[in-house]
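Asker: predicted model follows, preceded by the sequence.
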Amino acid sequence: MKQFLSASMFLFLSLFFIVGCIKPKPTHCRPENPITDNPKTTNTFKVKVERQFCAYTILSIQDPDFYTKGVNWEDLQHVFSVGNFCDLPSNLVVGEVYNCAIIDKPVKEDCIVCMGFMDTPPLKYNVLLTR
């Protein structure tokens, strides 16, 4: 009888921990589409990644209706710097075009980046990017 209770208790505790650890991931941890899942991002436009180094990214606006949101800087037109590097996709590719939405404040506050420096345009936005 004592072995039966010990085995039953072990089985109960095992199931308790297994079920407790298998929980669906909350949707706020990693939304499927950060732009459409964020109610504050109604105006989206196309941007091209012009340059990127460590925590510095320069985007050029590809949508003429939004050219006024950028500045002409060095040899680039309609560009701005990204202020929230930690929110950018990890697979960002220089030369690729993405959907962009300007947001008020960063979603993530900190992340690990290298210590390199790159000169960037003075205009800076916090953005969310998707394909």
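Answerer: Great, that's in hand.

Asker: bridged to Leu59, which residues?
Answerer: For Leu59, the beta-bridge partners under DSSP bridges are Val49, Phe80.

Asker: all helices for the chain, in order.
Answerer: Here the chain has its helices, by DSSP state H, at 2-21.

Asker: quick one: low-confidence parts of it?
Answerer: For the chain, the stretches with pLDDT under 70 are 1-42.

Asker: just the strands in it please.
Answerer: Along the chain, counting by DSSP state E, strands occupy 44-53, 56-61, 71-73, 76-82, 97-103, 124-130.

Asker: any idea which of those strands is most buried?
Answerer: When you average the neighbours per residue for each of the strands of the chain (mean count of other C-beta atoms under 10 Å), strand 56-61 leads with a mean of 22. Bear in mind the C-beta positions are built from the backbone N, C-alpha and C, glycine included.

Asker: ok, which of the strands of the chain comes nearest Gly116?
Answerer: strand 44-53 (5.5 Å; C-beta to C-beta).

Asker: please name every helix or strand in contact with that closest one.
Answerer: On a contact count with 3 or more C-beta pairs under 8 Å, 6 or more residues apart in numbering; DSSP states H and E, strand 44-53 meets strand 56-61, strand 97-103.

Asker: give me the helices and strands touching the longest one, please.
Answerer: Contacts defined by 3+ C-beta pairs under 8 Å, 6+ apart place strand 97-103 against strand 44-53, strand 124-130.

Asker: could you dump these to a markdown table with distance to Gly70?
Answerer: Putting the helices and strands packed on strand 97-103 into a markdown table (distance: least, C-beta to C-beta, whole Å) gives the following:
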| stretch | distance to Gly70 |
| --- | --- |
| strand 44-53 | 9 |
| strand 124-130 | 9 |
